[in-house]
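Trainee: no FASTA, just this:
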């Protein structure tokens, strides 16, 4: 019994300065339907690519985590818009417009820079983390001739320093 108390106190002292992970989820917008997707990777998002059809909708999306690009989701049809983040910069807001599919999207960073793609028509949406320490980590939803469902996952990134 004494050993359990000592181990418990030791573990508590080691982990007492660790805060719980800051995580939140922005509910998806759009009507849904089509293939389910999830764009994930390791580390911080460092770049974004968006394909758009002029006067229509968002057709494709790709994120870069560190130096590694995720597979592109949707199709690479239309104009490509890309956006590279600075060191320490993070995506902290996604807004846009949707009807049955996502018509426009705006990725906003903690430095106030943004990437805007698509044509703004339809219902507005605005996604952001509930914690100041969190940033965009995952985009998930459904895609069929454009994004029919689009949601965001936010969390704090644990960066390793050597």
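Mentor: Cool, got the structure. This structure is a prediction, so every number in the text was calculated from the model and none was measured.

Trainee: please make it C-alpha for all contacts and neighbour counts, starting now.
Mentor: Noted.

Trainee: okay, helices next: where are they in the chain?
Mentor: Ranges of helices within the chain are 2-15, based on DSSP state H.

Trainee: which secondary element of it has the worst mean pLDDT?
Mentor: helix 2-15 (a mean of 35; mean pLDDT, DSSP states H and E).

Trainee: spatially central residue for this protein, please.
Mentor: residue 136 (3.6 Å; C-alpha atoms, centre = their mean).

Trainee: apart from its chain neighbours, what residue comes closest to it?
Mentor: residue 154 (4.6 Å; C-alpha to C-alpha, 6 or more residues apart in numbering).

Trainee: ok, the residue nearest to the centre of the chain touching residue 130?
Mentor: No - assessed by C-alpha atoms under 8 Å, residue 136 is found out of contact with residue 130, at 11.3 Å.

Trainee: need the overlap of contacts for those two.
Mentor: The overlap between the contact sets of residue 136 and residue 130 (C-alpha atoms under 8 Å, 6 or more residues apart in numbering) is empty.

Trainee: hmm, back to that, contacting residues for the residue nearest to the centre of the chain?
Mentor: 45, 90-93, 129, 152-155.

Trainee: how about these, which pair is most distant?
Mentor: Farthest-apart pair in the contacts of residue 136 is 45 and 129; separation 14.9 Å (C-alpha to C-alpha).

Trainee: circling back to that earlier point, Serialize the contacts of residue 136 to CSV and add fields for distance to residue 113 and pLDDT.
Mentor: Formatted as CSV, the contacts of residue 136 follow (distance: C-alpha to C-alpha, whole Å; pLDDT from 0 to 100):
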residue, distance to residue 113, pLDDT
45, 14, 98
90, 10, 97
91, 9, 98
92, 10, 98
93, 11, 98
129, 17, 96
152, 19, 98
153, 20, 97
154, 18, 96
155, 20, 94
